[in-house]
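>>> A predicted structure for the sequence below; I have some questions about it.
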Amino acid sequence: MTKASMVAGVAALAMLTAAEPAVQAAQQDDALAALDAKLPGTLINDPTRLDWPVSGDAKVKSIRDSSIPGGAAMHVQVRTADPKQPWTVQASIPLTAGIDKGSDVVIGFYARTIEADTPDGKGRIGVRFQQNSEPYPGFGDKTLNIGTDWQMYEVTAKADRDIAKGDAIVSLQLAGAKQVLEIGQAFVASGATSLGSANAAPSGTASVPVPEKLAAKGTVINDPGNRNWGSYGPALTAAPIKVGLPGGTATHFTVAAAQPHGYDSGVAIPIRGAIHSGENLIVALIVRASPQADGGATAVGIRIQKDAEGYPGFGDHDLPIAGDWRMLQIPMQSDIDIPAGKGSIVLHLGGAAQTVDVGPVYVLHAGG
């Protein structure tokens, strides 16, 4: 069995722009602590890392793309399949704490299939919580069918053994098919049975009701239950959190360091309906924020844009986001045509070191 090279890439939170490594480390520690406070249970991995050891007959490289949740991923081409022994190609996610027998553990990770030699065209990833030393005992084995769109997948298990700190990993077993996969940020927590991610279900299946006060104002043209959002840019990380809002899930964004421009880091939220020039729209989103690291106001911009080179758009606004959950309603009028499935609501988050939680987002044709 050959050894693939270590992946060089890391997730977006690790791409900090501070000049001094010590400052970078302190910012990253603060961001991880804030994320741990938001997630169910206790975070027991470092989601800023994608430099996971990959073994077996696979070609591996790191990629960066604004459409990838977190802005970065590991691209894996599995050249030799062995469905009966899928661990012959595997990525090992190190854990920062041990696992106690009887505890609940959960992993959520973003992934998509580029191509796969399978009957349904979906990739195969086996997930196992494991001791990383002989005889490699583990538990929670589950095989996931990975679709072609970015989605967060979850696996939950109850530990049937103790695994010591430094010896505990999550194994992603990749030899179930000859395939090309992209795997993004991963979040592992103990003491929880779910990360509360709507993305654990296939895109579009989560049902999020439209608040009555919005339903009377128009027709919704996006899927507020689809949280397959594309976050991008340096110093930004995104993680699902459980909240008492419609759908039960929000996304926690942390910007570890302010960028030269607000649009340097952000998130694109897909719109499935068509938009025509001259139409009146309402964008409504439920949000909250922590103060900027330097004590200033939260700096978030919003616009609707076409997902095409040049990214033409309209409706640019600066959002007044408070510390408590609020529904903001922003009226916009389109001056361009955007075909169905080719538009996004874009939030520009890079203007400050800050944290912003974004719950359901609704886009309505006003009056229609």
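That came through fine.

>>> okay, CA-based contacts and neighbour counts for the rest of this
Noted.

>>> you'd agree Met152 is in a strand?
Yes: counting by DSSP: H, G, I helix; E, B strand; the rest coil, Met152 is located in a strand.

>>> what is it paired to in the beta sheet?
Judged by DSSP bridges, the bridge partners of Met152 are Tyr110.

>>> I'd say it and Ile107 touch.
No: using Cα atoms under 8 Å, Met152 makes no contact with Ile107, being 9.8 Å away.

>>> the closest residue to Val363 other than its chain neighbours bridge partners, please.
Spatial nearest neighbour of Val363, excluding adjacent residues (Cα to Cα, 6 or more residues apart in numbering): Val283 at 4.6 Å. Applying DSSP bridges to Val283 yields these beta-bridge partners: Ile330, Val363.

>>> surely Val283 is in contact with Gln329?
Yes: at 5.7 Å, Val283 counts as touching Gln329 under the criterion of Cα under 8 Å.

>>> who has more neighbours, these two?
Val283 (22 against 15; other Cα atoms under 10 Å).

>>> quick one, what contacts that one?
Listed by Cα atoms under 8 Å, 6 or more residues apart in numbering, the contact partners of Val283 are Gln329, Ile330, Pro331, Met332, Val361, Tyr362, Val363, Leu364.

>>> could you find the closest non-adjacent residue to the third one?
If I follow you right, that is Pro331. In this structure, Pro331 finds its nearest non-sequential neighbour in Ile282, 4.5 Å apart by Cα to Cα, 6+ apart.

>>> before we move on, the earlier item: return a ChimeraX selection command for the buried portion of the contacts of Val283.
Applying 16 or more other Cα atoms under 10 Å to the contacts of Val283, the buried members can be selected in ChimeraX as follows:
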select :330,332,361,362,363,364
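
>>> put together JSON lines for the contacts of Val283, with distance to Gly301 on each row.
Putting the contacts of Val283 into JSON lines (distance: Cα to Cα, whole Å) gives the following:
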{"residue": "Gln329", "distance to Gly301": "14"}
{"residue": "Ile330", "distance to Gly301": "12"}
{"residue": "Pro331", "distance to Gly301": "14"}
{"residue": "Met332", "distance to Gly301": "14"}
{"residue": "Val361", "distance to Gly301": "15"}
{"residue": "Tyr362", "distance to Gly301": "16"}
{"residue": "Val363", "distance to Gly301": "16"}
{"residue": "Leu364", "distance to Gly301": "19"}
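
>>> tally of neighbours for Trp150?
When neighbours are counted by other Cα under 10 Å, Trp150 registers 24.

>>> element containing the residue nearest to it when sequence neighbours are not counted?
Using Cα to Cα, 6+ apart and skipping residues adjacent in sequence, the residue nearest Trp150 is Arg112, 5.0 Å away. Element membership for Arg112 (DSSP states H and E) is strand 104-116.

>>> related to what we said a few turns ago, wait, the residue nearest to Pro331 touches Leu328, no?
No: contact criterion Cα under 8 Å: Ile282 and Leu328 do not qualify, at 9.9 Å.

>>> among those two, which residue is more densely surrounded?
Ile282 (23 against 16).

>>> okay, the more buried one: pLDDT?
Here the pLDDT value assigned to Ile282 is 96.

>>> can you tell me which residues contact it?
For Ile282, the contacting residues are Gln329, Ile330, Pro331, Met332, Tyr362, Val363, Leu364, His365, Ala366, by Cα under 8 Å, 6+ apart.

>>> how about 10 Å then?
214, 217-220, 315, 328-333, 362-367 (Cα atoms under 10 Å, 6 or more residues apart in numbering).

>>> can you give me the strands for the stretch 251-368 of the chain?
Secondary structure of the stretch 251-368 of the chain (DSSP state E, counting those that start in this stretch): strands located at 266-271, 280-289, 300-306, 313-319, 326-333, 343-348, 354-366.

>>> and among those, the most buried is which?
Highest mean neighbour count among these (mean count of other Cα atoms under 10 Å): strand 266-271, with a mean of 26.

>>> pLDDT of that strand, averaged?
pLDDT averaged over strand 266-271 gives 90.

>>> what packs against that strand?
strand 230-232, strand 236-242, strand 249-255, strand 300-306, strand 343-348, strand 354-366 (3 or more Cα pairs under 10 Å, 6 or more residues apart in numbering; DSSP states H and E).

>>> who touches stretch 333-341?
Against stretch 333-341 from outside (Cα under 10 Å, 6+ apart): 221-222, 270-282, 304-308, 312-315, 343-344, 365-366.
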